[in-house]
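Novice: the following comprises the amino acid sequence and a computationally predicted model.
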Amino acid sequence: MLRYILLDKRFLILLFIVNFFGTLYGYDWYGYQLANTPTLFIPFVPDSPTASLFFTIFLLFFLFGRHVPYIEALALMSLFKYGVWAVVMNILTLQVNGTLSWQGYMLIASHGAMAVQALLYAPFYKIKLKHFAIASIWILHNDIIDYVFGMMPTYGSLTTYMNEIGYFTFWLSIITIWVAYMLTISNKRNRVSI
């Protein structure tokens, strides 16, 4: 039943539209920070909308029965990582401030959905080891840009916890790489050996 829904063209078109406009909203949300970001770092700052962009591109190709494995690997890893990351950061903001704006709750819901959709479409990705390796380097490189060069998203009340957030983010990247490996490379090897 779930497979039928995930492959239904109408559902895929709806998912494409939601992700397309979510991506636009995400880049707009980063507008202020991007305006103050050195040009060299701009591609690495808007993590969540870029993750959503990767998935939107995947959906566009998938609708036409085509595959783009590098994009699929980047979508899987970045959607899962930044989906989980944003949920945790907003919950942490709620804990630190004692309150959270409606946008914060919206970000929890939308980013939670990002992580879930990345996992739901994992069986359909055509990811091989080379695609997996590039996506792994991408998300680890983003951690360096964010926490070594100080280009991480700004969450006002959490700035005093940047070292802890950087540490958490590194391990989230490692977990993401492991999850992506288990859902794609390892899963395909196990199917072949059975």
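Specialist: Here it is on my side, so go on.
Novice: who are the contact partners of Thr93?
Specialist: 100, 104, 155, 157-158 (CB atoms under 8 Å, 6 or more residues apart in numbering). Using the backbone N, CA and C atoms, a C-beta is placed for each residue, glycine as well.
Novice: how about Ile42?
Specialist: Contacts of Ile42 by CB under 8 Å, 6+ apart are Leu34.
Novice: what helix or strand is the residue minimising distance to the centre of the chain located in?
Specialist: Nearest to the geometric centre of the chain sits Leu79, at 2.0 Å (CA atoms, centre = their mean). Using DSSP states H and E, Leu79 sits within helix 69-97.
Novice: show me where this protein has its helices.
Specialist: Applying DSSP state H to the chain gives helices spanning 2-7, 9-29, 31-35, 47-63, 69-97, 102-120, 129-147, 162-181, 187-193.
Novice: in JSON lines: the ones you listed, plus distance to Phe41.
Specialist: Below are the helices of the chain laid out as JSON lines (distance: least, CB to CB, whole Å):
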{"stretch": "helix 2-7", "distance to Phe41": "35"}
{"stretch": "helix 9-29", "distance to Phe41": "15"}
{"stretch": "helix 31-35", "distance to Phe41": "9"}
{"stretch": "helix 47-63", "distance to Phe41": "12"}
{"stretch": "helix 69-97", "distance to Phe41": "16"}
{"stretch": "helix 102-120", "distance to Phe41": "22"}
{"stretch": "helix 129-147", "distance to Phe41": "6"}
{"stretch": "helix 162-181", "distance to Phe41": "16"}
{"stretch": "helix 187-193", "distance to Phe41": "35"}
